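1. Show me the folded form of this:
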Amino acid sequence: MRAAKRMAILALVLTLLAACTPSATPTATTVHPTTAPVDVPSPTALPATPIPTAAPAIVEITVYFTDENRYALGTPPFEVGVTRAVPASANLPEAVLAEFFSGPTAEESARGLVRINSGFTGFSRLTVEGGIARISLTGPCASNGATYSIAQLLLKNLLQFPEIEYVKIYDADGTTEAPDGPTSSIPFCLEP
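-> Numbers count the residues shown, from 1 in each chain. Modelled structure (predicted):
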């Protein structure tokens, strides 16, 4: 009986070694008829563990809109900042402009905030170099002679960034009053 147990253990060890040893040709395992069968648990796969992924980093930005009530009463400041969340990897001045052109949320509109766009529908390009931001607007300019226009809002939105000292706003035709030099500039069509 002891010899049969030893043989069974030896057969089991050889079987396990054969299973773990890589070989070019399959090997056969001989089982002697006098050996009692041994129950060997089959390997079970472990459940897949999801690899945790880091949530994208989010930062808050401030986007300025016009407070319609203050503007109607002539009580400055007319611009009111709201908070939006954007990915930290975003170009923040561009993100502010994109949120501005998206307009106020329903809740912000209910508080009297509006986007004055002077006819412009968006922007096609923003560059910041040497402290000067240059923004190219899209859509037709329609200031209708107003003294308060999209220019004040764009200045407020972009000058909040320390790397921006001046803002040059270009209309859809690519023109602005003072394209050169360290000064802010608006297109002729926004003059009252």
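2. the bottom helix or strand of the chain by mean pLDDT?
-> Every helix and strand in the chain was compared by mean pLDDT, DSSP states H and E; the lowest is helix 2-20, with a mean of 51.
3. What ranges does the chain have for its helices?
-> 2-20, 68-73, 92-102, 106-110, 150-158 (DSSP state H).
4. quick one: the strands in the protein?
-> Along the chain, the stretches classed as strands by DSSP state E are 58-67, 79-87, 113-114, 122-129, 132-138, 166-170.
5. I'd like to know which of those strands is closest to S185.
-> strand 166-170 (4.5 Å; CB to CB). Every C-beta, even on glycine, is put in place using the N, C-alpha and C of the backbone.
6. quick one: average confidence on that closest one?
-> Per-residue pLDDT over strand 166-170 has a mean of 98.
7. name the helices or strands packed onto it?
-> strand 132-138, helix 150-158 (3 or more CB pairs under 8 Å, 6 or more residues apart in numbering; DSSP states H and E).
8. Figure out which of those is closest to R115.
-> R115 sits nearest to helix 150-158 of all the helices and strands packed on strand 166-170, at 7.6 Å, using CB to CB.
9. In that closest one, which of the residues would be classed as buried?
-> If you call a residue buried by 16 or more other CB atoms under 10 Å, then helix 150-158 has these buried ones: I150, A151, Q152, L153, L154, L155, K156, N157, L158.
10. Fine, thanks again, bye for now.
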